[in-house]
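Novice: Predicted model and sequence below, questions to follow.
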Amino acid sequence: MIRNPAHLEALVADIRSFVREQWHPIEEQVARDDVVPTAMVDTLRSKGYFGWSIPEAYGGLGLTTEELVLCAMELSQASVALRARVGTNTGIGSEALVADGTEEQKQRWLPRMAAGELTGCLALTEPEAGSEATNIQTTARRDGDHYVLNGTKCFITNAPVADVFTVIARTEPDTRGSKGLSAFLVERSPGLTTGTPYRKMGQMGSPVSDVTFDNCRVHASQLIGGQEGVGFQTVMKVLNKQRLHLAALCTGPAIRMLDLALEHTSQRKQFGQALADFQLVQAMIADSRTDIFAARSMILEAARARDRGEDVALSASMCKYFASEMCGRVADRAVQMFGGSRYVADFSPIERYYRDVRLFRLYEGTSQIHQLNIAKLVLRGEGK
Ligand SMILES: Cc1cc2nc3c(=O)[nH]c(=O)nc-3n(C[C@H](O)[C@H](O)[C@H](O)COP(=O)(O)OP(=O)(O)OC[C@H]3O[C@@H](n4cnc5c(N)ncnc54)[C@H](O)[C@@H]3O)c2cc1C
């Protein structure tokens, strides 16, 4: 649903010029230094980019799902580090509060997250709870007005720079699986430590680390929704929306890689002809554009369905699966179309994207987990 086409058009135009004029020139530096400069974070704050999906009542832009995915496809035509810096606040870091927080909790944290004053993150994964996300070992034991958290989370995007952590922990020690889990909004406080950022295959400038809870005391008012035992339902609400968001974030890089490949294959000549004149190169162009069109179309349809209040569990899973695989295919073809020049060039956008986008098929549900989920829902006769 697009509420005000003129406003959306202005926002998309602003993102497009910002990405091209202010972000593309510093991408190489961000990748080399492995950090987004503070001045750039301030610019993102002043532009309101941290608050896209936070409701207007709490200081955000309150974008609908359709508006969010259209903006995400623009923002992600940049190196992944850019959108990852704001992406937890516009996605997994704020959505549990938006979906299930009490009014007091929303008032307390969302305005500062929308302003980018607080950076959020989602701490779900653990060493023994990856694809089997319900196998959570982190515990939250009630102690008077507080809960005491113990355990370790791993692979948490933005943890090293985060101020607030949406944490899933087990409040009922004798339970297993999705039962007995609760969601907390934990501020950086004694007993919570974040590890050294990992050295990764790609996505330099997007810090990811462990989060450890060692008798970390969290006030009961920080139990999201004020209700124990429904943490996994909260996470699934977050992920169903996030899968559409992430699918859109997989589409932007594919659009940019194809644009770069079109420019290159039109200019470079071999055998006295532009590469783009060769039909085998044209096949790669055609397949890439078709892939992008298919992803964009399905994401928009699913986003509109979500805005109409429909259940998008199946379509969101299909979008994430297809768009992340699609982006990997386009990255591979882009490297092929550039030939040796972008295999050897340090920090060229294509070489960097090839490494950066590999993660899309792994996080927020691996491709295999989405295949299983899609098949399960189809066999149950759910969705259209
Ligand atoms: C850089 C990075 C950032 C991340 N950010 C976050 C974050 O912000 N917050 C967060 O909570 N988590 C985050 N994650 C964690 C991410 O979601 C997990 O890595 C992912 O869910 C996969 O879990 P795993 O790594 O333990 O792999 P595993 O579960 O060990 O899977 C390994 C392989 O086995 C396959 N497999 C597993 N089970 C099955 C099955 N039943 N059938 C078929 N195949 C199967 C998988 O598909 C995969 O190919 C991040 C991870 C990375 C690497």
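Specialist: Received the coordinates, thanks.
Novice: For whichever residue of the stretch 101-250 of the chain sits closest to the ligand, give me phi and psi.
Specialist: Using Cβ to the nearest ligand atom, the single residue of the stretch 101-250 of the chain nearest to the ligand is residue 130, 1.8 Å away. Every residue, glycine included, has its C-beta placed from N, CA and C. Note on residue 130: backbone dihedrals following degrees, to the nearest 10 are phi -100, psi -100.
Novice: same question, the one 3 residues further on
Specialist: Per-residue torsions, residue 133: phi -70, psi -10 (degrees, to the nearest 10).
Novice: right, and it touches residue 122 too?
Specialist: No. Contact criterion Cβ atoms under 8 Å: residue 133 and residue 122 do not qualify, at 11.1 Å.
Novice: shared neighbours, these two?
Specialist: residue 235 (Cβ atoms under 8 Å, 6 or more residues apart in numbering).
Novice: And those two? Which one has more around it.
Specialist: residue 122 (28 against 19; other Cβ atoms under 10 Å).
Novice: From residue 243, how far off is the more buried one?
Specialist: 13 Å (Cβ to Cβ, to the nearest Å).
Novice: Okay, and the nearest residue to residue 192 once chain neighbours are set aside sits in which element?
Specialist: Nearest residue to residue 192, sequence neighbours excluded (Cβ to Cβ, 6 or more residues apart in numbering): residue 216, at 4.8 Å. Assessed by DSSP states H and E, residue 216 sits inside strand 208-219.
Novice: can you list the residues that contact that strand?
Specialist: Applying Cβ under 8 Å, 6+ apart, the set of residues contacting strand 208-219 is 123, 138, 140, 143, 145-160, 165, 167, 169, 184, 186, 189-198, 200.
Novice: Alpha carbons only: can I get it in CSV?
Specialist: Provided in CSV are the C-alpha atoms of strand 208-219 (Å, rounded to 0.1, in the frame of the first residue of the first chain):
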residue,chain,number,x,y,z
VAL,A,208,29.0,-8.7,14.0
SER,A,209,29.9,-10.4,17.3
ASP,A,210,28.9,-12.6,20.2
VAL,A,211,26.9,-11.3,23.0
THR,A,212,27.4,-12.8,26.5
PHE,A,213,25.1,-12.6,29.5
ASP,A,214,26.7,-13.2,32.8
ASN,A,215,24.1,-12.7,35.6
CYS,A,216,22.8,-9.7,33.6
ARG,A,217,19.9,-8.2,35.6
VAL,A,218,17.0,-7.0,33.5
HIS,A,219,14.0,-5.2,35.0
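Novice: Pairing partners for it, with directions?
Specialist: strand 146-157 (antiparallel), strand 192-194 (antiparallel) (DSSP bridges).
Novice: Adding mean neighbour count, write these out as CSV.
Specialist: Listed next are the strands paired with strand 208-219 as CSV, based on neighbours: other Cβ atoms under 10 Å:
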stretch, mean neighbour count
strand 146-157, 21
strand 192-194, 19
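Novice: okay if I get those strands as a markdown table plus mean pLDDT?
Specialist: Shown next, in a markdown table, are the strands paired with strand 208-219 (pLDDT from 0 to 100):
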| stretch | mean pLDDT |
| --- | --- |
| strand 146-157 | 98 |
| strand 192-194 | 98 |
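Novice: which one of those strands lies closest to residue 276?
Specialist: Among the strands paired with strand 208-219, strand 146-157 comes nearest to residue 276, with 37.2 Å by Cβ to Cβ.
Novice: the longest helix in the chain is where?
Specialist: Secondary structure of the chain per DSSP state H: the longest helix is helix 231-267.
Novice: Can you give me the buried ones in it?
Specialist: Using 16 or more other Cβ atoms under 10 Å as the test for burial, helix 231-267 gives 231-235, 238-258, 260-262, 264-265.
Novice: go on, stretch 308-320?
Specialist: 312, 313, 314, 315, 316, 317, 318, 319, 320.
Novice: ditto for stretch 28-47
Specialist: Neighbour-count burial for stretch 28-47, with 16+ other Cβ under 10 Å as criterion, is recorded at 30, 31, 35, 36, 40, 41, 44, 45, 47.
Novice: and after the helix or strand of the chain with the lowest mean pLDDT, which helix or strand comes next?
Specialist: Using mean pLDDT, DSSP states H and E, helix 341-344 stands out as the lowest-scoring helix or strand of the chain, at a mean of 80. Using DSSP H and E, the helix or strand that follows helix 341-344 towards the C-terminus is helix 349-356.
Novice: who's in contact with that next one?
Specialist: With contact meaning Cβ under 8 Å, 6+ apart, helix 349-356 is reached by 27, 31, 79-80, 201-204, 253, 256-257, 260-261, 331-332, 334-335, 338, 342-343, 345.
Novice: One more pass at 6 Å, please.
Specialist: Helix 349-356 is contacted from outside by 31, 80, 201-203, 253, 257, 331, 334-335, 338, 342, 345, using Cβ atoms under 6 Å, 6 or more residues apart in numbering.
Novice: who does whichever helix or strand comes after that helix touch, helix- and strand-wise?
Specialist: Reading on from helix 349-356 to the C-terminus, the next helix or strand found by DSSP H and E is helix 367-379. Under the contact criterion of 3 or more Cβ pairs under 6 Å, 6 or more residues apart in numbering; DSSP states H and E, helix 367-379 touches helix 313-338.
Novice: Brilliant, that's me finished.
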